[in-house]
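Undergrad: Here's my sequence, what's the structure:
(one chain, ligands or ions: 1)
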Amino acid sequence: MLSAINMALSSFSVWALILHFLSPPLRWTRKSSKDKMSIFSLEYNLLSGIIFGSSTSFFNAPYGDYWEFMRKICTTELLGTRQMKKLKTRSARCSGEDNQAEKCKGLVIESFDLARKLALFNVIGPLKRIDMWYLRNKIADVTKRYDELFENVLVEHEEKAKREGPNMENKDLMGDSNTTSDVILWILAEIVNHPAAFKKVREDIDSVVGTERLVDEADIQNLPYFQACVKEAMRLHPANPLFDRVCRENCKLAGYDIPKGITMIMNSYSIMRDPKIWDSPNDFIPKRFLTEKYNAKEQNFQVYVPFGGGRRMCPGINMTSSVINCSVTAMVQCFDWKVIGGDGPDG
Ligand code: HEM
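TA: Now for the predicted structure:
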């Protein structure tokens, strides 16, 4: 089970164990590799409450009643199949009033910028102290503005429900982040830079869907090459290349003693470009995902991890896949693309 992790740890190229400034010391003792524990079963701690700053946010909530409750709400209600079906037939919006979409976009950009800074400060030991006085106010300010924005959206939603009854069209509460737009850009960039891939995706769409309508979510299952392009682009360009876990108890992982309290950071970028796992790891070769060997890899959450793995795996996967599929296919269907200054690697 841990062969990939073993490989990675032995070369130090994939997994990085990062010692928190205040964490107990880490012993790098290589022991037997009869480990039963997967990295994904460790405690979760998204770089110590970076985004939204507050310890009550779902992202950085430790395992326990609160996390379980929020996860259940997310997977069954907010991001569940029922909600997805509702959204599929409609275009969604943040909220029409008061420029909320722009505000939301600005806040997401600000919080990711703060996350980057805080992550850096966390990793470079002594700098962690700086975040105490430099970033704390900024985080509090962003958190407050998020709260105000979401409060307004919720109030609007409640008022609308009172006016229109409980069966109103529920299209106001859709959130997203720049991970989805980053992924869309990367898929498009890879396809456009590989004209042969672009041609194949366009031809497949034309034969499955025709030219009279846009691709619908139901068509995606009939577009295996397009799906392979999405998987391959997400392998090469994970939108969240680092995610972390805090060790809840002393344990052994891939032969290493990991003390309780240590934050372990997983580098999905390196895992998904590890030459020991992937052939020609840096090349865009969508058709690899049409083979049995690579299909098995895609199902293996130790090696194909664009959405993380284990209990804390991204619950937004269905929602985001739907947005990605419909956006990219529409851009392939409706526009001709050309790379300025070249025909791309396989042109
Ligand atoms: C392409 C887009 C996205 C990518 C690449 C992505 C990736 C990830 C990754 C790598 C994690 C960490 C998983 C782990 O620690 O094992 C995560 C967590 C999470 N994602 Fe996403 N995500 C995306 C879109 C979304 C969307 C659209 C939503 C919600 C609308 C969402 C909600 C969440 C939540 C709530 C968590 C925390 C889950 C928990 O702590 O239990 N994500 N995501």
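Undergrad: What residues does the closest residue to P306 other than its chain neighbours make contact with?
TA: Leaving aside its sequence neighbours, P306 sits nearest to M234 (C-beta to C-beta, 6 or more residues apart in numbering; 4.1 Å). Just so you know, the C-beta spots here come from the backbone N, C-alpha and C atoms, and that holds for glycine as well. The contact partners of M234, by C-beta atoms under 8 Å, 6 or more residues apart in numbering, come to V183, W186, I187, P306.
Undergrad: so where does the first one fall, helix or strand?
TA: When you say that, I think you mean V183. Using DSSP states H and E, V183 falls within helix 178-193.
Undergrad: The residue nearest to P306 and I220, how far apart?
TA: Distance, M234 to I220, using C-beta to C-beta, to the nearest Å: 15 Å.
Undergrad: How about R245?
TA: Noted for R245: a distance of 32 Å to I220, by C-beta to C-beta.
Undergrad: Which one's more surrounded, these two?
TA: Legend: neighbour count by other C-beta atoms under 10 Å for R245 and I220, higher for R245 (22 against 19).
Undergrad: The more buried one is in what secondary structure piece?
TA: Going by DSSP H and E, R245 is part of strand 242-246.
Undergrad: Does the ligand have contacts with that strand?
TA: Yes. Counting by C-beta under 6 Å from any ligand atom, the ligand is contacted by strand 242-246 at F243.
Undergrad: And the next helix or strand past that strand?
TA: As assigned by DSSP H and E, the chain's next helix or strand after strand 242-246 is strand 251-253.
Undergrad: circling back to that earlier point, so which bits of the helix or strand harbouring the residue nearest to P306 are buried?
TA: M234 belongs to helix 224-236 when assigned by DSSP H and E. For helix 224-236, the neighbour count (16 or more other C-beta atoms under 10 Å) marks Y225, F226, Q227, A228, C229, V230, K231, E232, A233, M234, R235, L236 as buried.
Undergrad: I figured the fifth one was touching D204, is that so?
TA: Think C229. No. In this structure C229 lies outside contact range of D204 using C-beta atoms under 8 Å: 10.1 Å.
Undergrad: contacting residues around R273?
TA: Residues R235, L236, P281, N282 are the ones in contact with R273 under the rule C-beta under 8 Å, 6+ apart.
Undergrad: nope, S321 is what I was after
TA: Applying C-beta under 8 Å, 6+ apart, the residues near S321 are V230.
Undergrad: quick one: is the host helix or strand of it near the ligand?
TA: Using DSSP H and E, S321 falls within helix 317-334. Yes. Judged by C-beta under 6 Å from any ligand atom, helix 317-334 comes into contact with the ligand through M319, T320.
Undergrad: Kindly calculate the angle that that helix makes with helix 178-193.
TA: Calculated by axes from the mean of the first three to the mean of the last three C-alpha atoms, to 10 degrees, helix 317-334 forms an angle of 30 degrees with helix 178-193.
Undergrad: If you average pLDDT per helix and strand, which one of this structure comes out bottom?
TA: Within the chain, no helix or strand scores below strand 15-17, which has a mean of 31 by mean pLDDT, DSSP states H and E.
Undergrad: so which of the contacts of R273 comes closest to the ligand?
TA: Among the contacts of R273, R235 lies closest to the ligand (C-beta to the nearest ligand atom), at 11.4 Å.
Undergrad: mind listing what the nearest residue to that closest one once chain neighbours are set aside touches?
TA: With sequence-adjacent residues excluded and distances taken as C-beta to C-beta, 6+ apart, R235 is closest to M272, at 4.5 Å. Residues in contact with M272 (C-beta under 8 Å, 6+ apart) are R235, L236, P238, W278, P281, V303, Y304, V305, P306.
Undergrad: 10 Å - rerun?
TA: 14, 232, 234-238, 241, 278, 281, 297, 303-306 (C-beta atoms under 10 Å, 6 or more residues apart in numbering).
Undergrad: Likewise for E232?
TA: Contact analysis of E232 by C-beta under 10 Å, 6+ apart lists 187, 190-191, 194, 197, 272, 283-289, 294.
Undergrad: Inside helices: which ones of these?
TA: If you go by DSSP state H, these have I187, E190, I191, A197, Y294 in helices.
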